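*Asks:* Here is the input, now give the coordinates:
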Amino acid sequence: MLWAVLGPVAYLLLFVVVFSHVTTFAVGNLPYPLYAFVGILCWSFFASTLGNGGQALLSNKALLAKTQFPRECFPLETMLVNALNTLLSWIPLALLFIIFGRMPALQTVWVPLFILIELVFAAGVALAVSSVIIQMRDLMQMLPLITSLGLFATPVIWPYSRIPTNFHISGGHHVAAVKLPARLPGHYHVIAAHWVGGFTINLQMVYGFFNPLGPVIQGARATMLLGHSPNWDLTGIAGLGALLYLMFGYRIFKRLEVNFADIA
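*Replies:* Just a heads-up that it's a prediction; the model follows:
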């Protein structure tokens, strides 16, 4: 039980020391440890599922050739064990609420929905990765790198709002929003500007589709800490992305399953 709690708490201490005073990661009036720990819990579950679930078939290769049963039990069993460990890690989260004198908002009732989306997403990734790694075992060396880089590419320590909703692609024209007179006559300093017309894209939706973990973390923070209702657009696109990951992950797994016993 202690090991299950120690990992997320160690991440939290590191982030508090390094990032709590960085204005780039400003999180409003929320205590940064509480804000960060919600993201850490979501990320820790996915990272451990990817790391342990990706190697689940290799770790149980002695059973692959001896018994007949659904092979997907190995990565899914690993995922469920990690889910139990993550559940134990919610104990420090409860302590943080007490330390900072806060209570989870009523909208916390939506958190199980985000947990379900993450479970579906993690299951799809674990099935695909475990079936590929047993075929090409050198790829196992990539798992620590993926989890290390993914920690910073996912809104664990930074707010999801940093991703623009209207990212200009092409066309239109640039309009200055505010101009201040410069020292030279006839010159101005442009304080803010925006694009009018042209083609724009909502990068939050695109990101949420390819990485459902982003909207999951954002939704858990918004509902539990801020008392906001879920952003149904982001939640829907994350759920759709997670379902596609599960479908393709399961399809890849079943496609490669016929060779498991021979190459294990």
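*Asks:* Hmm, residue 253 is touching residue 127, no?
*Replies:* Yes - if you go by C-beta atoms under 8 Å, residue 253 and residue 127 touch, sitting 4.3 Å apart. Glycine gets a C-beta too; all of them are placed from N, C-alpha and C.
*Asks:* overlap in contacts of those two?
*Replies:* Applying C-beta atoms under 8 Å, 6 or more residues apart in numbering, one finds that residue 253 and residue 127 are jointly contacted by residue 72.
*Asks:* What mean pLDDT does the helix or strand hosting residue 117 get?
*Replies:* Element membership of residue 117 [criterion: DSSP states H and E] is helix 111-133. Averaging the model's pLDDT scores along helix 111-133 yields 92.
*Asks:* same check, this time on stretch 29-39
*Replies:* 86.
*Asks:* State the separation between that stretch and the centre of the chain it belongs to.
*Replies:* Centre-to-centre, stretch 29-39 and its host chain are 15 Å apart (C-alpha atoms, centre = their mean, to the nearest Å).
*Asks:* For that stretch, buried residues please.
*Replies:* By 16 or more other C-beta atoms under 10 Å, the buried positions in stretch 29-39 come out as 30-39.
*Asks:* ok, now stretch 138-148?
*Replies:* 140, 143, 146-147.
*Asks:* and if you look at stretch 151-167?
*Replies:* Within stretch 151-167, judged by 16+ other C-beta under 10 Å, the buried ones are 151, 154-160, 163.
*Asks:* which one of the residues you listed is nearest residue 205?
*Replies:* residue 163 (9.4 Å; C-beta to C-beta).
*Asks:* isn't the closest one right next to residue 205, touching?
*Replies:* No - distance between residue 163 and residue 205: 9.4 Å, which falls outside the contact criterion (C-beta under 8 Å).
*Asks:* In terms of neighbours, single out the busier of residue 253 and residue 127.
*Replies:* Counted by other C-beta atoms under 10 Å, residue 253 and residue 127 do not tie: residue 127 has more neighbours, with 28 against 22.
*Asks:* Does the more buried one touch residue 72 like I think?
*Replies:* Yes - using C-beta under 8 Å, residue 127 is in contact with residue 72, at 6.0 Å.
*Asks:* Overlap of the contact sets of those two?
*Replies:* Counting by C-beta under 8 Å, 6+ apart, the residues touching both residue 127 and residue 72 are 250, 253.
*Asks:* Break down the stretch 151-264 of the chain into its strands, ranges please.
*Replies:* 167-170, 173-181, 188-196, 199-201 (DSSP state E, counting those that start in this stretch).
*Asks:* How about the stretch 1-150 of the chain?
*Replies:* Along the stretch 1-150 of the chain, no segments are classed as strands by DSSP E, counting those that start in this stretch.
*Asks:* low-scoring stretches of it, by residue?
*Replies:* Scanning the stretch 1-150 of the chain for pLDDT under 70 picks out the ranges 18-28, 65-67.
*Asks:* how about a cut-off of 50?
*Replies:* Of all residues in the stretch 1-150 of the chain, none has pLDDT under 50.
*Asks:* hey, where'd the helices end up in the stretch 151-264 of the chain?
*Replies:* In the stretch 151-264 of the chain, the segments counted as helices under DSSP state H, counting those that start in this stretch are 203-210, 213-224, 232-256, 260-263.
*Asks:* I'd like these laid out as CSV, including mean pLDDT and distance to residue 136.
*Replies:* Below are the helices of the stretch 151-264 of the chain laid out as CSV (pLDDT from 0 to 100; distance: least, C-beta to C-beta, whole Å):
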stretch, mean pLDDT, distance to residue 136
helix 203-210, 91, 23
helix 213-224, 94, 25
helix 232-256, 93, 11
helix 260-263, 63, 10
